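S.K.: output the structure for:
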Amino acid sequence: MSPYQQLLHLAFTAPNDVKYYLTPAALQAHDLLQAAPPAGKPFRFEQVRLGLAMGILKLVSELGDHDESRQVLDVLHRALNEARSPEDIDRIIGREARLFDRLYENLYVNEEGEELLNLFGRTLDADAPRLLEEVAQEAVDLARTLDFSTDEDE
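M.R.: Down below sits the predicted model:
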C-alpha cells in the first residue's frame, strides 16, 4: 500500500467517514497516476494532491475540532469526485476560495497541528509526484504518532 493510501486509511477511520470519503476516486488516485498516459498525468496528479490534502485536513479537524478545515475538506472531496479535468478542479475550488482564506483564521493548533498545516501547504505547492509522495510519507509518519484524546481539564 502506498503512503498515499496509508494516509487515507489512517485519517478516515469512522465508518461514516470511510463510506463518504474513501470513494473509488480517492482510493485509486495514486494507482491511476502511476498508470496514466502522459496526457492524463496532470489530471491524475491533481487527484492525488486532492486526496492527500483531504487526509491531512481530516487529521487537522480531528486534532482541533475545527469547522473550517472540515468545510475545506468537503470542497476537496467534491472536487476529487466530480471533476473530470484540472480546469474542473479549479472551478470547483475557485467557487469556495473564501473557505480556503478562512482556513487559518481562529485556528489554535499545537505543534502537531502546525506540522500538519505545513504538510498541507507543501501538498498545495508540490509540482511533482515525488514531492507528493514525500509529503504523504511524512504525513503517515506523523499520523501514527498523533494523540486525538482530549484533556478533561481544557
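
S.K.: hang on, residue 69 packs against residue 59?
M.R.: No - with contacts counted by CB atoms under 8 Å, residue 69 stays clear of residue 59, the gap being 9.0 Å. C-beta: built from backbone N, CA, C; applies to glycine.

S.K.: any low-confidence regions in the protein?
M.R.: For the chain, applying pLDDT under 70 flags the ranges 65, 105-109, 149-154.

S.K.: that one: helices as residue ranges?
M.R.: Ranges of helices within the chain are 3-11, 15-21, 24-35, 41-64, 67-82, 86-95, 97-102, 111-125, 129-143, based on DSSP state H.

S.K.: CA atoms only for the shortest one, dumped as PDB, please.
M.R.: Included here for helix 97-102 are C-alpha records, laid out as PDB according to Å, rounded to 0.1, in the frame of the first residue of the first chain:
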ATOM      1  CA  ALA A  97     -12.000  30.200  -2.300                       C
ATOM      2  CA  ARG A  98     -13.200  32.100   0.800                       C
ATOM      3  CA  LEU A  99     -13.200  28.900   2.800                       C
ATOM      4  CA  PHE A 100      -9.500  28.400   2.000                       C
ATOM      5  CA  ASP A 101      -8.800  32.000   3.000                       C
ATOM      6  CA  ARG A 102     -10.600  31.400   6.400                       C
END
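
S.K.: contacts for that helix, please.
M.R.: With contacts defined as CB atoms under 8 Å, 6 or more residues apart in numbering, helix 97-102 is touched by 68, 71, 72, 75, 93.

S.K.: cool, and the last one?
M.R.: Counting by CB under 8 Å, 6+ apart, the neighbours of helix 129-143 from elsewhere in the structure are 2-4, 6-7, 10-11, 33, 45, 48-49, 52, 55-56, 59, 112, 115-116, 119, 122-123, 126.

S.K.: pull out the buried residues from it.
M.R.: By neighbour count on 16 or more other CB atoms under 10 Å, the buried set for helix 129-143 is 129, 132, 133, 135, 136, 138, 139, 140, 142, 143.

S.K.: closest to residue 40 out of those?
M.R.: For those, the residue nearest residue 40 by CB to CB is residue 129; the value is 12.9 Å.
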